[in-house]
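Trainee: missing the sequence, but the structure's below:
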């Protein structure tokens, strides 16, 4: 059977911060169309891993390949859309409309000194439609709720028409009802638009229910496989120590 | 024609004033949204040291102010990016250091206190034709830079981390903002004065922010407020024989208070 094309490949990747090992010998592959959840305890290296994939940090050892190219030679950053945990300037009265913020996501596709073409604006409109935020087009980003704002940041990431969407705990500070809708939206992006998604979360229940595959990270790779097979209480204990029992939500 | 324009020094003051009124809030906007407004005041003090050097060596003080504040701006950004010193501490360091340098040079060379007063608070009668050419030429350069790099400057100002992840040269863009701020401040000291230029870069912007518009609309509004402040300020300064910098900033403050009242929910 032919496996889908590899989009992100890590081979023996380690990262040290001031001689303290944060990640040790990580090897895994994310393939086209995959919906991967990365879970692990706080300080286990989840955000560091994302930053290495995004090129914000450089691994101390090992190799990272994106779309078959070494991370250092990879220049098509627009193929990876990133949704950060929070954007503090958006919460502190930054004077920008939703349209302006989403449009900025298209900038990595354009060259310096070049303006937005009709095609670029259409991509921005599409990203807003898919994310269901057209009605907020002229609203200031700081006036939106946490859930609405996260949709704007997804739209911003989609504006560059990426192949992979990387999200770092995007539901922090979002209420439960909005979280559910948000996860449904992500699932539809993966299912209906065949978008590859890498999602970092501390919410084990969400990951087990929503994502297809799971990577458990606590400095090294504790497990990697389909969510249903892997998230046993035994794995959680290995991942989180004695505190790792799943919080059941009946 | 109004009698005010019969005097060539007033015509020069208006030419230089309009150029400054356009670029000060353009750069100020990027400083305000990044919580970096104090940079303008720091660079103003560096410009003062530059003016003192210019007066001492008898070279055009606007030129020496531009050169010194550009050099200082590069130092500020380098030290800030190294993260060895907190951003606001870097500004405090350069602000007090520049003032100390200015004071020492002034005490070394006595006899130009009167002309220095003009640089501290702005003096419309001191703008020479050479100043006008320098101010207009560099103001056009600052304006074009902001227009051509607008989308990148907006992106970096809103979300620096994402801009970096997207492959934008964030460090070079940050240098560009600081560099343009340095040039703007140095150009403005003839009209607004060292002690008040920070206000012209910040107050029109925070007035425009009160109207709750998007980035581009706020930017345009802040330029309109700045132009109003400079034009009304220069007129009153001429007719009531006031220091131009003070008059301009007081008008900007009135616009801010009106904006606050109008936009109050």
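Mentor: Yes, it's here. None of these values were measured; they are calculated from a predicted model.
Trainee: C-alpha only now, for contacts and for neighbours.
Mentor: Fine.
Trainee: where's the residue of chain B found nearest chain A relative to residue A:57, distance?
Mentor: Of all residues in chain B, residue B:214 sits closest to chain A, at 4.2 Å by Cα to the nearest Cα. From residue B:214 across to residue A:57, the span is 33 Å (Cα to Cα, to the nearest Å).
Trainee: which one's more surrounded, those two?
Mentor: residue B:214 (21 against 14; other Cα atoms under 10 Å in any protein chain shown).
Trainee: does the more buried one touch residue A:95 like I think?
Mentor: Yes. With contact defined as Cα atoms under 8 Å, residue B:214 counts as touching residue A:95 (5.2 Å).
Trainee: is residue A:29 bridged to anything, and to what?
Mentor: Note on residue A:29: beta-bridge partners by DSSP bridges are residue A:9.
Trainee: what's the overlap in contacts for residue B:214 and residue A:95?
Mentor: residue A:140 (Cα atoms under 8 Å, 6 or more residues apart in numbering or on different chains).
Trainee: quick check: nearest residue in space to the residue of chain B closest to chain A, chain neighbours excluded?
Mentor: residue A:96 (4.2 Å; Cα to Cα, 6 or more residues apart in numbering or on different chains).
Trainee: ok, now which ones touch that neighbour?
Mentor: Counting by Cα under 8 Å, 6+ apart, residue A:96 makes contact with A:140-141, B:213-215.
Trainee: one more pass at 6 Å, please.
Mentor: Listed by Cα atoms under 6 Å, 6 or more residues apart in numbering or on different chains, the contact set of residue A:96 reads A:140, B:214-215.
Trainee: now swap in residue B:120 and tell me
Mentor: Going by Cα under 6 Å, 6+ apart, the list of residues near residue B:120 reads B:193-195.
Trainee: let me see the backbone angles for the residue of chain A found nearest chain B.
Mentor: In chain A, the residue that lies nearest chain B is residue A:96 (4.2 Å; Cα to the nearest Cα). Per-residue torsions, residue A:96: phi -140, psi 140 (degrees, to the nearest 10).
Trainee: ok, now how distant is it from residue B:87?
Mentor: Residue A:96 is 25 Å from residue B:87, by Cα to Cα.
Trainee: got it, and residue B:241?
Mentor: Taken as Cα to Cα, the span from residue B:241 to residue B:87 is 40 Å.
Trainee: more crowded one of these two?
Mentor: Taking other Cα under 10 Å, residue B:241 and residue B:87 do not tie; residue B:87 has more neighbours (17 against 11).
Trainee: what ranges in chain A fall below the confidence cut-off?
Mentor: A:1, A:89-91, A:173, A:228-250 (pLDDT under 70).
Trainee: cool, and chain B?
Mentor: Flagging of chain B using pLDDT under 70 yields the residue ranges B:1, B:110-114, B:264-265.
Trainee: show me where the chain has its helices.
Mentor: You didn't say which chain, so I picked chain A. A:46-54, A:88-91, A:98-104, A:118-130, A:146-158, A:176-192, A:204-210, A:227-230, A:233-240 (DSSP state H).
Trainee: should've been chain B
Mentor: Applying DSSP H to chain B gives helices spanning B:8-33, B:38-57, B:61-82, B:87-108, B:113-121, B:129-148, B:150-158, B:160-165, B:170-188, B:197-209, B:215-239, B:244-263.
Trainee: ok and the fifth one relative to helix B:38-57, angle-wise?
Mentor: Using axes from the mean of the first three to the mean of the last three Cα atoms, to 10 degrees, one finds that helix B:113-121 and helix B:38-57 are set 160 degrees apart in direction.
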